[in-house]
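1. no sequence on this one, just coordinates:
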Ligand SMILES: [Cu+2]
């Protein structure tokens, strides 16, 4: 059993490095201001993605990202005015809702939708 586990590890280690075979992560910038979220693109291909929240406003904002029908909410915590922060996530195909969860920001317009294609 132990020998089998070691053999499996060697197999995994021998696989091509991710950088050689996997495509680079898709990138999405979410520009936040009072009170809107503007996506740099409305569609992404499924797989690894880097989502960056850039705060062009005057107030702090955060970002929540959730696939419609999904159970996981991904987050970027509060970003101060003029700053930015990113998260890395593996996105499944579907429609995603993005919003700022601070106060009533989403209701005032800080929400957007993203389509992730196969
Ligand atoms: Cu906000």
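-> Structure's in. What do you need? Please read all numbers here as calculations on a predicted model, not as lab measurements.

2. contacts only, for residue 26.
-> 44-45, 47-50 (CB atoms under 8 Å, 6 or more residues apart in numbering). Using the backbone N, CA and C atoms, a C-beta is placed for each residue, glycine as well.

3. residue 49 against residue 92, yeah?
-> No - here residue 49 does not reach residue 92: they are 10.8 Å apart, not a contact under CB atoms under 8 Å.

4. could you list which of the contacts of residue 26 belong to strands?
-> Judged by DSSP state E, these include 44-45, 47-50 as members of strands.

5. ok, of those residues, which come out buried?
-> The neighbour-count criterion (16 or more other CB atoms under 10 Å) marks 44, 47, 49 among those as buried.

6. the second one reaches residue 23, doesn't it?
-> By that I understand residue 47. Yes - under the criterion of CB under 8 Å, residue 47 makes contact with residue 23 at 7.0 Å.

7. just to check, residue 70 is in contact with residue 91?
-> No - in this structure, residue 70 is not within contact of residue 91 by CB under 8 Å, at 9.9 Å.

8. between these two, which is the more surrounded one?
-> Neighbours per residue (other CB atoms under 10 Å) separate residue 70 from residue 91, with residue 91 holding more: 22 against 15.
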